[in-house]
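In: take this sequence and fold it.
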Amino acid sequence: MKIVVIGGTGLIGSKLVNKLREHGHEAVPASPNTGVNTLTGEGLAEVLKGASIVVDVSNSPSFEETAAMNFFNTATRNLIQYGKAAGVGHYVALSVVGTDRLAEKKPSDAEKTIRGYFRAKLAQEKLIEESSIPFSIVHATQFFEFVKSIADVSTVGTTVRVAPVLIQPMAAEDVAAAVGRVAVGSPVNGVVEVGGPQQFRLDEFVRQGLRAYNDPRTVVADPAAGYFGVEIDESALVPGKDARLGETRFDAWLAESAKSAVGAAQ
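Out: Just a heads-up that it's a prediction; the model follows:
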């Protein structure tokens, strides 16, 4: 079965391609690096020829609302157009747990960027839902791999301030596995939520991650700090009770990550 992975050379896409190939599928990575551009349509007709499934794990290069909206609207419309022409029978897209909740409130000036990004993700999902192609949308929680990025955008001086809201992060490897299982299954014509096996407070998650990397920054639980500067409800970032959970625990992932870092430095 031919499965085209849009964004197939990125963090999730490359792992997904490998997993699908391991299970005997013809997984084709598609990205500007391979001559496929969803914004211009370049290479789409060719790469989708004979494909049963298209999986979109690509992302906007900018969180700014206008740029993100243009990216997701244009890329998704092109994928729908070329996918229909190719006879694709299952359109799978990776999105984020809490997208609807993070996009719904009118943002302050400080919150416009991140809320605008999530409004763009909602627009992408709506286009997919309203197309005639059977679909599945995977809402994943935050990745373990982004723990330092979360810390960096929340740092002033040597202090990291984040709200003590709940978070249920997961390993990118588990995200790819979950997306792969959804892709080869029957379209759900709705949303599938996936998350990690453990819940943390956001400050605990960041603190544990920085400690493992020997990062000396101090992490402070500050309810006013929000998430990427956005005020959110305590459970906005966690999936519902029916979510499919990955198996990798954060401490095990940190230990493996540290081991890989040492090996790369030698």
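In: contacting residues for G89?
Out: The contact partners of G89, taken as CB atoms under 8 Å, 6 or more residues apart in numbering, are 52-53, 133-134, 187. No exception for glycine: its C-beta is placed from N, CA and C like everyone else's.
In: can you pull the pLDDT of it?
Out: pLDDT recorded at G89 is 98.
In: what's it sitting at in phi/psi?
Out: Main-chain dihedrals, G89, degrees, to the nearest 10: phi -110, psi 0.
In: before we move on, back to that, could you flag which of the contacts of G89 are buried?
Out: 52-53, 133, 187 (16 or more other CB atoms under 10 Å).
In: nearest to L245, of the residues you listed?
Out: L245 lies nearest to P187 out of those, by CB to CB, at 21.7 Å.
In: how about that closest one: what's its closest non-neighbour residue?
Out: Distances taken as CB to CB, 6 or more residues apart in numbering place P134 nearest to P187, at 3.5 Å, with adjacent residues excluded.
In: measure that neighbour to I128 for me?
Out: 10 Å (CB to CB, to the nearest Å).
In: next: F228.
Out: Distance from F228 to I128, counting by CB to CB: 25 Å.
In: before we move on, what about N214?
Out: 42 Å.
In: which neighbouring elements make contact with the longest helix seen in the chain?
Out: Counting by DSSP state H, the longest helix found in the chain is helix 65-86. Applying 3 or more CB pairs under 8 Å, 6 or more residues apart in numbering; DSSP states H and E, we find helix 65-86 packed against helix 44-48, strand 53-56, strand 90-96, helix 112-130.
In: to P239, which of these lies closest?
Out: strand 90-96 (10.5 Å).
In: centre of the chain to the closest one, how far?
Out: Taking the mean of its C-alpha atoms, strand 90-96 sits 10 Å from the chain's own mean (CA atoms, centre = their mean, to the nearest Å).
In: partner strands of that strand and their direction?
Out: strand 53-56 (parallel), strand 135-140 (parallel) (DSSP bridges).
In: and it, C-alpha only, in CSV?
Out: Below are the C-alpha coordinates for strand 90-96, written out as CSV (Å, rounded to 0.1, in the frame of the first residue of the first chain):
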residue,chain,number,x,y,z
HIS,A,90,-7.7,8.3,3.5
TYR,A,91,-6.4,11.8,4.5
VAL,A,92,-4.6,11.9,7.8
ALA,A,93,-3.4,15.1,9.5
LEU,A,94,-1.4,15.6,12.7
SER,A,95,-2.7,18.4,14.9
VAL,A,96,-2.5,19.4,18.6
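In: helix 112-130 and that one, what's the angle between them?
Out: When axes from the mean of the first three to the mean of the last three CA atoms, to 10 degrees is applied, the directions of strand 90-96 and helix 112-130 differ by 160 degrees.
In: strand 90-96 vs helix 65-86, what angle?
Out: Going by the same axes, to 10 degrees, strand 90-96 makes 160 degrees with helix 65-86.
In: in strand 90-96, which residues are buried?
Out: Buried positions in strand 90-96, judged by neighbour count with 16+ other CB under 10 Å: 90-96.
In: need the helices for this structure, in chain order.
Out: 11-22, 44-48, 65-86, 99-104, 112-130, 147-153, 172-184, 202-212, 250-265.
In: list the helices and strands the shortest one packs on?
Out: To tie it back to what came earlier, the one meant is helix 44-48. Applying 3+ CB pairs under 8 Å, 6+ apart, one finds that helix 44-48 contacts strand 26-30, helix 65-86.
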